[in-house]
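Asker: just need the structure, nothing else, for what follows:
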Amino acid sequence: MVGQLLQRGMIVVFSCVMSCGVFSQLQAQDAKSWEKEGEGEIKDVEIEIVKDRKITLPRANRNFEKVPPRPYEPIKPSITYELKTFKFTTPEYKPSVRPLKLKGEELSKIYGNYVSAGLGNYASYFVEGSITTKRDKNTFLGAHFYNRTYETGPVDGKNSAASTTNLQVFAKSMSNDVTISGEANYENRGGYFYGYSPGFTGGRDDIRQTYTQFGLNAGIENTKPSDFNYLLKAGYSNLKDHYSATEDEVSLSFNSNYNFTETSKFILNADYFLISRKDLLLNSDPRHLFRIKPAYQFVPFENLTITVGVNIAIQKDPNNNSKSFHAYPHIKAHYQLSPSLEAYGIVTGDMDKVNLHTLSAENMWLDSGIPAINTNRSLELQGGLKGKVGRKFSIGVGFSVAALKNYYFYLNRSSVSGILVSINPNDPIIPVVDKFVVLYDGNTRRFNPFAEISFAHSETASFSLRADYFSYSPKNYNEVYNRPSYRISANSKFNIFDKIVLEGGFIAQGGMRSILPGTTNGYTIDPAFDLNMKTRYFISKQVSAFVQLNNILSSNYPIYQNYPARGFQALVGASWSF
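Answerer: Coordinates of the predicted model:
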């Protein structure tokens, strides 16, 4: 064994020695050959490197086999479930809860009472006040006072002074079913017959005129709307003038409706008037007027509402020789063209009450002993459109055509000679003090087209404009006197940051006709143009100051013939709410 190992070691050593000898001999030969050829110089060699070569490999097929599902092996032994009722009881727990008490929100203060006063030119002053109860859902009590006085006027200073005083006391009691209301009022309107001739030399008391009215009213109605709604009112009014004329009026009215369904109902309105009048030149028997107006309202098809009824009037009037019983048709139709636009048409008629109350409210310069006759509106046709354009504009356009019997109008006594009528034979035809008589026409046709538009932007700004035209065709007279043939009115209001409120208005009317005194020549009275403005500045929620300007154009336009209006008027004042 040892001998073999020695033999193998000797062979390895011999092989290494032989290899080293051969390698040394080859190096010596290569060195000699390099020296002979170039003496150790490196030759130029060009090497070409190709980089655009694309290596492509064959596409490998990769086939995957899905793993087959494992065969179902039933579980042995099988699993069984056993349901048991588990009862869990807890001890009774009674927590003591202490609710959090919040402080009640304070109610905002209501300033329902106010006092306002001011001073102006024409030695004028203004006082107004109101007081009412607050936050009582069952009772409402209040009082209102108003006074406007002009110590001088447009003609001869104090000879054209005027004043108006009004006092109202009202109450209302409301239960769940019935509401009862009552009111007492007092009014005094004073003035002078300043439309006198230039030669007038009398005193102020000779041309003085006052109307004093006292009234009581009471009513009862249902508090909440229901199928049957009603309102019953009774009233009494007494009117006296400076020349001992007295008129008493007792009134009773009843308005009701009964709803059969949501689209049909029966309407019944009725009223009664007892009028008794006495003065120096006229003592007549009491006048009676009873009116009843039954009607049925229904919806025959969508968007159309029709009201069909009859107006019946029964009168007993010593000043009127016409028949006592009158019946008029009453038909209304309203058609909804769109959700905001409606067309309407009306055929109706009625007996319109006329007495000293209504005449003196229109014209306070009436002569004594003027009879009052009710106006018989034998037939009236109305039609038009009304509705909204957008959310802020409202429009209306329409017309009215009426046949009027005993339609009244006014004429100066100084002009009565022009139509050869003498109301009081014992008085001169052309008086020194000019007053008005009332003329009644047997059959007058009146045509009244109109148009109106209004704009409202919340409580910041509002504007309204209306224009009317009147055309009359009397039977017994050539013209209708002291009635305008056109009237235009506009009103606007602007609220600036709840601090400044601006209000403006404009009235224009004209076309009134009359007769030149002592002649038969008719003429047109000058038109009236009145521009007014009011500015109110709120110093606080309770205190405000205002400036009111009337007749800014300073036009002494005639209210009626020979009775001009006051020129430019200014009023400065303040208001306090509490």
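Asker: quick check: phi and psi on the residue lying closest to residue 464 once chain neighbours are set aside?
Answerer: Sequence neighbours aside, residue 454 is the residue nearest to residue 464 in space, at 4.1 Å (criterion: Cβ to Cβ, 6 or more residues apart in numbering). Placement of C-beta: from N, CA and C, glycine included. In terms of degrees, to the nearest 10, the main-chain angles of residue 454 are phi -140, psi 150.
Asker: quick check: beta-bridge partners of residue 454?
Answerer: residue 394, residue 464 (DSSP bridges).
Asker: now the end-to-end length of stretch 548-562.
Answerer: 27 Å (Cα to Cα, to the nearest Å).
Asker: show me what counts as buried in it.
Answerer: Across stretch 548-562, burial judged by 16 or more other Cβ atoms under 10 Å covers 548-552, 555, 557-562.
Asker: closest to residue 312 out of those residues?
Answerer: residue 560 (35.8 Å; Cβ to Cβ).
Asker: who does the closest one bridge with?
Answerer: Note on residue 560: beta-bridge partners by DSSP bridges are residue 563.
Asker: gap between residue 511 and residue 400?
Answerer: 17 Å (Cβ to Cβ, to the nearest Å).
Asker: try residue 562
Answerer: 31 Å.
Asker: and for residue 578?
Answerer: Counting by Cβ to Cβ - residue 578 and residue 400 are separated by 46 Å.
Asker: and the helices in the stretch 101-250 of the chain?
Answerer: For the stretch 101-250 of the chain, no helices are identified by DSSP state H, counting those that start in this stretch.
Asker: can you pull out the strands in it?
Answerer: Per DSSP state E, counting those that start in this stretch, the stretch 101-250 of the chain carries strands over the ranges 114-120, 124-132, 139-150, 162-174, 178-192, 208-222, 228-241, 246-261.
Asker: those strands: which one's closest to residue 539?
Answerer: Each of these has some distance to residue 539 by Cβ to Cβ; the shortest is strand 114-120, at 13.7 Å.
Asker: okay, now the sheet partners of that closest one, with direction.
Answerer: When DSSP bridges is applied, strand 114-120 pairs with strand 124-132 (antiparallel), strand 569-577 (antiparallel).
Asker: how far does the last one sit from the chain's center?
Answerer: What that stands for is strand 569-577. Counting by Cα atoms, centre = their mean, to the nearest Å, strand 569-577 is centred 26 Å from the centre of its parent chain.
Asker: please identify the buried residues of that strand?
Answerer: Buried residues in strand 569-577 (16+ other Cβ under 10 Å): 569-571, 573, 575-577.
Asker: return the set of buried residues in stretch 249-265.
Answerer: So stretch 249-265, judged by 16+ other Cβ under 10 Å, has buried residues 249, 251, 253, 255-257, 265.
Asker: actually stretch 518-534, not the one I wrote
Answerer: Quick answer for stretch 518-534 (16+ other Cβ under 10 Å): 525, 527-532, 534.
Asker: for residue 488, state which of the residues you listed is nearest.
Answerer: Closest approach to residue 488 among the buried residues of stretch 518-534 (Cβ to Cβ): residue 529, at 9.5 Å.
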